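> Attaching a predicted model along with its sequence, questions to come.
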Amino acid sequence: MRSTPKNIAILGATGSIGRNSLQVIKALPDRFRATYLVVRRNVDGLMDLVAEHRPKGVALLDEAAADAFRQKAGDSLEVLSGAKGVKEIVGRDDVDLVISALVGFAGLEPTLEAVRKRKTIALANKETLVAGGELITRLVQEHGVDLIPIDSEHSAILQCLVGEEPASVAKLILTASGGPFLTTPVERLASVTVEEALNHPNWKMGNKITIDSATLMNKGLEVIEAHWLFRLPPERIDVVIHPQSIIHSMVEFVDGSVKAQLGLPDMKLPIQYALTYPNRTPMNGARVDFPGIQSMTFFEPDRRKFRCLELAYGALQLGGTAPAVMNAANEVAVEAFLDRRISFQKIPDLIGRTLDAHAPGPVSELNQILEADHFARSHARSLLS
Ligand code: MG
């Protein structure tokens with residue numbers, strides 16, 4: 001017996017996760033349908049995706065981009081715009097599952113709406129949990145929503161936890177590739193270029209996350225994400241550098257046994273696992289070739305060289321609005337680095353100084369997160385000028 005395909009709304013459709021999701025969905029047409037596509041402002045990219053995937057409707061966060069898209073697309077499909085339009089799409093009855101893959105803090109509000117409307121959520125936007133983890137996880141529980149991670153490390157942990165009691169878990173071990181500057185001497189970091197920072201050894205991703213990977217802030221954000229998803233304190237979430245990116249993360253249990261999830265660095269696997277969870281479905285593609293890999297190596301991250309990792313652990317310890325402030329300052333700093341306004345080493349400086357200027361408050365409602373985010377952005381920008 002065949003059931004009807006699940007209707008999926010993809011937030012961030014033209015990004016790296018969005019495009020990989022569309023490939024996964026296209027390969028399983030009996031099970032999934034890309035019903036709505038949401039982007040921030042990429043008009044041409046969205047036009048191409050619409051021609052290929054024929055969604056029912058689209059939304060663009062940026063109003064001017066939405067107008068430009070309407071001019072090009074005519075009446076061929078429904079076009080919504082702005083935060084309101086995105087919110088409307090996420091809440092619709094013909095959406096079963098939301099892939100949350102917008103970049104940065106912009107992902108928070110639509111994801112909150114998906115929780116409120118009791119949609120199943122496949123979450124790629126880690127900033128949502130970093131800034132709003134306390135609020136989101138509380139609402140997820142209250143509404144009985146499935147929140148399934150797409151981030152490869154958290155997908156790995158979820159896969160390792162299948163069949164295990166929460167009380168059996170000793171700690172989580174997140175693996176990190178170490179990024180392009182793993183072996184770069186610390187005194188060289190001040191003069192690395194944007195091009196060098198964007199040259200990630202293992203993963204092809206968007207600019208923001210690629211810079212986060214180079215500073216190790218990405219791993220810091222993932223520690224906070226893991227804290228909220230799996231409910232463990234920071235001292236039971238470790239980071240180990242594993243440059244081959246074959247082990248995507250591990251769980252150590254109370255008896256000393258360790259489970260790891262392995263695979264090639266390809267986001268289609270964690271995306272498909274999130275869509276089919278808790279089941280697995282065949283997928284074509286390359287397989288791990290162990291004789292070809294030959295060796296896998298592991299070592300401690302250098303926390304003095306990569307200060308962002310330490311800042312993230314510190315923000316998580318502080319709690320409340322501190323991670324939201326750290327996240328916002330990081331977004332401002334990464335943008336300034338990409339615009340060549342600050343050096344690579346100024347990224348942790350800017351974040352640290354913004355955190356120092358903030359007294360963390362509680363995060364029981366959205367407004368408190370928005371205020372903290374706003375404070376951090378304007379403070380970080382004032383430090384830039
Ligand atoms: Mg990751």
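Right, received. Where do you want to start? What you are looking at is a predicted structure, and each value in this text was computed from that prediction instead of being measured. Numbering: from 1, shown residues only.

> looking at it, G220 is touching L311, isn't it?
Yes - when contacts are counted by Cβ atoms under 8 Å, G220 is listed as touching L311 (6.5 Å). Using the backbone N, CA and C atoms, a C-beta is placed for each residue, glycine as well.

> The two: which has the busier surroundings?
Between G220 and L311, G220 has the larger neighbour count (other Cβ atoms under 10 Å), namely 30 against 25.

> what's near enough to touch the more buried one?
C308, L309, E310, L311, A312, Y313 (Cβ atoms under 8 Å, 6 or more residues apart in numbering).

> so where does it fall, helix or strand?
For G220, the host element (DSSP states H and E) is helix 217-230.

> quick one: which of the contacts of G220 is most hemmed in?
Neighbour-wise, those (other Cβ under 10 Å) top out at A312, 28 neighbours.

> From the ion, how far off is that one?
Separation of A312 from the ion (Cβ to the ion, to the nearest Å): 13 Å.

> Next: V38.
22 Å.

> Can you tell me how far that residue is from I10?
7 Å (Cβ to Cβ, to the nearest Å).

> Chain neighbours aside, what residue packs nearest to L135?
V363 (5.6 Å; Cβ to Cβ, 6 or more residues apart in numbering).

> What segments of the stretch 51-200 of the chain are helices?
Along the stretch 51-200 of the chain, counting by DSSP state H, counting those that start in this stretch, helices occupy 63-73, 82-91, 108-116, 126-143, 152-161, 194-197.

> what about the shortest one, average pLDDT?
Confidence over helix 194-197, taken as the mean pLDDT, stands at 95.

> Of all the residues in it, which ones are buried?
A197 (16 or more other Cβ atoms under 10 Å).

> what do you get for stretch 331-340?
In stretch 331-340, counting by 16+ other Cβ under 10 Å, buried: E331, V332, A333, V334, E335, A336, F337, L338.

> Spell out which residues of the stretch 101-250 of the chain are next to the ion.
For the stretch 101-250 of the chain, the residues in contact with the ion (Cβ under 5 Å from the ion) are D151, S152, E153.

> Not counting sequence-adjacent ones, nearest residue to the residue of the chain found nearest the ion?
Proximity of the chain to the ion (Cβ to the ion) peaks at D151, 4.3 Å away. In space, and not counting its chain neighbours, D151 is closest to K126: 5.8 Å by Cβ to Cβ, 6+ apart.

> can you check I10 too?
In space, I10 is closest to I99, 4.7 Å off (Cβ to Cβ, 6+ apart).

> what sits against the one you found?
I99 touches 8-12, 17-18, 21, 122, 124, 150, 271, 274, counting by Cβ under 8 Å, 6+ apart.

> next one: K219
L174, A176, S213, V239, P301, L309, A312.

> I'd assumed the fifth one was in a strand, is it?
No - P301 is assigned coil when assessed by DSSP: H, G, I helix; E, B strand; the rest coil, not a strand.

> Measure how buried it is and give me the count.
Count around P301 with other Cβ under 10 Å applied: 18.

> That one and V239 touch, don't they?
Yes - counting by Cβ under 8 Å, P301 touches V239, with 5.4 Å between them.

> who touches both of those two?
With Cβ under 8 Å, 6+ apart as the test, P301 and V239 both reach A176, K219, L309.

> on that earlier part again, so how far is the helix holding G220 off the chain centroid?
10 Å (Cα atoms, centre = their mean, to the nearest Å).

> which residues touch the following helix or strand past that helix?
Remark: after helix 217-230, the chain's next helix or strand is strand 237-241, criterion DSSP H and E. Strand 237-241 has contacts (Cβ under 8 Å, 6+ apart) with 171-178, 182, 219, 223, 226-227, 298-301, 309.

> change it to 7 Å
With Cβ atoms under 7 Å, 6 or more residues apart in numbering as the test, strand 237-241 has contacts from 171-176, 178, 182, 219, 223, 226-227, 298-301, 309.

> Can you report how many residues lie near D302?
There are 14 residues near D302, going by other Cβ under 10 Å.

> how close does the nearest residue to it once chain neighbours are set aside sit to L129?
Spatial nearest neighbour of D302, chain neighbours left out: V186 (7.8 Å); criterion: Cβ to Cβ, 6+ apart. Distance, V186 to L129, using Cβ to Cβ: 30 Å.

> These two: who's more crowded?
When V186 and L129 are compared for neighbours, L129 comes out ahead with 30 against 12, by other Cβ under 10 Å.

> thought that one was touching E225?
Yes - L129 is within contact range of E225, at 4.6 Å (criterion: Cβ atoms under 7 Å).

> Backbone dihedrals for I8, both of them.
When quoted as degrees, to the nearest 10, the phi and psi of I8 stand at phi -120, psi 140.

> Pull the contacting residues for L275.
V24, F32, A122.

> Give me the subset of these lying in strands.
F32, A122 (DSSP state E).

> Neighbour-wise, give me the winner out of the contacts of L275.
A122 (27 neighbours).

> Would you agree that residue is in contact with Y273?
No - with contacts counted by Cβ under 7 Å, A122 stays clear of Y273, the gap being 9.3 Å.

> which intervals of this structure have sub-threshold pLDDT?
1-2 (pLDDT under 70).

> domain ranges for it?
6-149, 154-267+291-310, 319-385 (automatic domain parsing).

> Turn those into JSON lines, including distance to G285.
Shown next, in JSON lines, are those (distance: least, Cβ to Cβ, whole Å):
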{"stretch": "domain 6-149", "distance to G285": "10"}
{"stretch": "domain 154-267+291-310", "distance to G285": "7"}
{"stretch": "domain 319-385", "distance to G285": "31"}
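
> so which of those domains gets nearest M283?
Closest to M283 of these, according to Cβ to Cβ: domain 6-149, at 7.4 Å.

> first to last residue in that closest one, what's the distance?
18 Å (Cα to Cα, to the nearest Å).

> what's the answer for stretch 316-328, then?
With Cα to Cα, one end of stretch 316-328 sits 14 Å from the other.
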